[in-house]
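>>> need a structure here:
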Amino acid sequence: MNALVTGATGFIGSHLVRRLVREGAQVSVLMRSSADPWRLRDIMPRLNCLQGDLSSLTSLAGEIKRAKPEVIYHLGWQGASSHQFQNDPAQVFANLPGSLELVQLAAECGCRAWIGMGSVLEYGNYPVPVTEEQAPRPVTLYGAAKFAVGLLAQKLCAGYGIRSAWFRLFWAYGPGDDTARMIPYLIGALLKGERPALTPGEQKWDYLFIDDVVEALWRAAAHPGVQGVYNLGSGAANPLREVVERIRDFIDPSLPLGFGELPYRPDQIMHLQADISRLRKAMNWEPAVEIQNGLRRTVEWFRLNRNRYV
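Here you go, the predicted structure:
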């Protein structure tokens, strides 16, 4: 299989690229010249690196066509890693045009499948657990831009005769995660012996280990019946206080935790949980890594790589 991956140097993208390489795929990656490929450094010689981003697809069209991707994974997104940018107008202008141009390029390449990464934030305020039938009402520009890309990409793909799948990811975690996220921040603070400042921890969130995320993405390419929108989560709501305490106990049970030292944000999500029955039925996929094991593996990875983070 020939595959093209955007967002390849990021947390999820790098794990996906490694899985594709292990499966024997020929992998092309779209990579900014300013990107640090540390997550992929050891396998870089096995990748076809295309220097550019979503804004430079026109100049890269020839190289992409020569790569002849059969499957395109669109994980690249500008401004996705920080809460402060969720209502930045760049969410629209930096992501929407290039994402749709990528669909057009897929058609010109004879690509058979286009697989994109959406977000739970497309739903906005929703009942729990949320299903794909819930009408999206995003409350941030990030959520609105993701929803627009997913909807328009599916319509374009249908017109071009390309199978498309759009995964609304709830919350991924695991080795190599971005330090701006809660779990890596917490691990880093505790490894330094610090007392992390936390909210009261009453939230219940749906966490999915990175290996299970990648398994779903891999199966989406292999299963011709996978098409449309799918929730991608564990299907379980984990009390955040318990998650924090488990991480602390893996590092040092005696370390103090600053529960209640931070207020909830005005837009704080208190309950985050996916209904994943549609994904289960589509490709016989189940989350395989229980959160206790996933957190242990994540802590161990950060412990071994603490020089990069701590």
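
>>> confidence score at Ala80?
Turning to Ala80, the model gives it a pLDDT of 73.

>>> what's it in contact with, if anything?
Tyr142 (CB atoms under 8 Å, 6 or more residues apart in numbering). C-beta: built from backbone N, CA, C; applies to glycine.

>>> Please apply the same query to Cys111.
Contacts of Cys111 (CB under 8 Å, 6+ apart): 69-72, 162.

>>> backbone phi and psi for Met283, please?
Note on Met283: its backbone torsions stand at phi -150, psi 20 [degrees, to the nearest 10].

>>> All further residue positions should be reported with the first residue as 258.
Sure thing, new numbering starts at 258, so read that last one as Met540.

>>> That one is in contact with Ala477, isn't it?
Yes: Met540 is within contact range of Ala477, at 7.0 Å (criterion: CB atoms under 8 Å).

>>> Compare those two (neighbour count), which wins?
Ala477 (25 against 17; other CB atoms under 10 Å).

>>> That one belongs to a helix?
Yes: the assignment for Ala477 is a helix, going by DSSP: H, G, I helix; E, B strand; the rest coil.

>>> list residues touching both of Met540 and Ala477?
Common neighbours of Met540 and Ala477 (CB under 8 Å, 6+ apart) are Val483.

>>> Would you agree Thr397 is in contact with Asp345?
No: the pair Thr397 / Asp345 is not scored as a contact, 9.6 Å apart, by CB under 8 Å.

>>> And the strands in the stretch 408-557 of the chain, which stretches?
420-426, 429-430, 461-462, 465-466, 485-489, 495-496 (DSSP state E, counting those that start in this stretch).

>>> Flag the shaky bits of this protein, pLDDT-wise.
338-339, 566-567 (pLDDT under 70).

>>> Run through who's touching the lengthiest helix in it.
Across the chain, the helix with the greatest residue count (assigned by DSSP state H) is helix 398-417. Applying CB under 8 Å, 6+ apart, the contact partners of helix 398-417 are 331, 334, 336-337, 342-346, 348-349, 352-353, 356-357, 360-361, 363-364, 371, 373, 375-376, 378-381, 393, 395, 420-421, 423, 425, 485-486.

>>> List the buried residues in it.
398-407, 410-411, 413-414 (16 or more other CB atoms under 10 Å).

>>> can you list contacts of stretch 525-545?
Outside stretch 525-545, the residues touching it (CB under 8 Å, 6+ apart) are 377, 385-389, 425, 427-428, 456, 459-463, 465-466, 468-469, 472-473, 476-477, 480, 482-483, 487-494, 521.

>>> Quick check: nearest residue in space to Ala318, chain neighbours excluded?
Nearest residue to Ala318, sequence neighbours excluded (CB to CB, 6 or more residues apart in numbering): Leu362, at 6.1 Å.

>>> Tell me if Trp371 really is in a strand.
Yes: under three-state DSSP, Trp371 falls within a strand.

>>> Please name the bridge partners of it.
On the basis of DSSP bridges, Trp371 is bridged to Ile329, Ser421.

>>> these two touch, right, it and Trp423?
No: the pair Trp371 / Trp423 is not scored as a contact, 9.1 Å apart, by CB under 8 Å.

>>> coming back round to it: how about the contacts made by the residue nearest to Ala318?
Neighbours of Leu362 in contact, by CB under 8 Å, 6+ apart: 314, 318, 321-322.

>>> And for Gln343?
So Gln343 contacts 336, 378, 397-400 (CB under 8 Å, 6+ apart).

>>> coming back round to it: host element of the residue nearest to Ala318?
Here Leu362 is covered by helix 353-366, with elements defined by DSSP states H and E.

>>> That helix relative to helix 398-417, how many degrees between them?
If you take axes from the mean of the first three to the mean of the last three CA atoms, to 10 degrees, helix 353-366 sits at 20 degrees to helix 398-417.
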